[in-house]
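In: return a 3D structure for these sequence lines:
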Amino acid sequence: MIFVALLIRWGINVLALIVVDWMFDGVTIGRWGPLLLAAAVLTIGNTIIKPILAILALPLIVVTFGLAYFAINVLMLALAEWITPDFSIDGFWTYVGATIIVWFVNMSVGWLLDRVRGGQA
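Out: Coordinates of the predicted model:
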């Protein structure tokens, strides 16, 4: 079951990165290989690394009213860019916009999947 959930998250991140690549001129993702690898890195980072960083940064997250948590999201996207060849994001505001789009796609598709699963139960 965990494997299926990770595959679903990975697929959603693939979609999110396709949207980000389409929306921003400052984002360049090579063909399918880099796209799939970047989505995998983003999925693993969000599943394993992000919760650890969030716990460690919890006081800072509280003091900054969640802005530090957004910075962790930007770091996860930067990690995916750093590890993946043929994937680049140019500029601070492009990182910010791309992070917001990745979040929005993840939330929207997650909400949609919850509604579909709720109808079957």
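In: where does the prediction get shaky in this protein?
Out: 119-121 (pLDDT under 70).
In: quick one: the helices in it, in order.
Out: Using DSSP state H, the helices of the chain run over 2-23, 32-44, 50-56, 58-63, 67-83, 92-120.
In: possible to save these as TSV with mean neighbour count?
Out: To be clear about C-beta, it is placed using only N, CA and C from the backbone, and glycine gets the same treatment. Below are the helices of the chain laid out as TSV (neighbours: other CB atoms under 10 Å):
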stretch	mean neighbour count
helix 2-23	16
helix 32-44	19
helix 50-56	13
helix 58-63	12
helix 67-83	18
helix 92-120	14
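In: F24 and W93, how far apart?
Out: 9 Å (CB to CB, to the nearest Å).
In: now swap in L42 and tell me
Out: Counting by CB to CB - L42 and W93 are separated by 19 Å.
In: same question for N73.
Out: N73 is 15 Å from W93, by CB to CB.
In: same question for A39.
Out: Distance from A39 to W93, by CB to CB: 22 Å.
In: what of V102?
Out: 15 Å.
In: cool, and I18?
Out: From I18 to W93 the distance is 20 Å (CB to CB).
In: hang on, L79 packs against G45?
Out: Yes. Taking CB atoms under 8 Å as the definition, L79 is a contact partner of G45 at 5.2 Å.
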